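> let's see this in three dimensions:
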Amino acid sequence: RSRAYVTTAQIFQKRRMMVDRKERIDEIKDFKEMNKSMLSLFNQHNKTQMSIKIKKAKEIKNIMKREQTQEKQKNLRMLSYLNKKEKIRNREIRTQHLQERR
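This is a model prediction of the structure:
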């Protein structure tokens, strides 16, 4: 027998090996694609979670700012009220002093 002589069984075996190899390569490709899609989904989820957290943080910051400005306004009103009262008291004291001098 010469080396060039190949049996039908060997041909089929070689074909089967090639088909198996191709199937394995396809499986690997499918797996890689699945991994990519899972990764992108995961990244999307993370981005969504981050944007939700950022939105909540901004809301909290806005609420705190609003409360601070309300507090400032309240304090300013109180100060102006106290200033008015003090002016009135000072005026009364002045008039009293004037009356006492007379």
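
> hey, let's count contacts and neighbours off CA atoms from now on
Noted.

> measure Gln96 to Arg102 for me?
Distance of Gln96 to Arg102, given as C-alpha to C-alpha, to the nearest Å: 10 Å.

> compare neighbour counts for the two and give me the winner.
Gln96 (11 against 5; other C-alpha atoms under 10 Å).

> in the chain, which spans are helices?
Taking DSSP state H, the helices of the chain run over residues 8-101.

> low-confidence ranges in it?
Applying pLDDT under 70 to the chain flags the ranges 1-4.

> hmm, 80 instead?
1-6, 102 (pLDDT under 80).

> alright, calling it a day.
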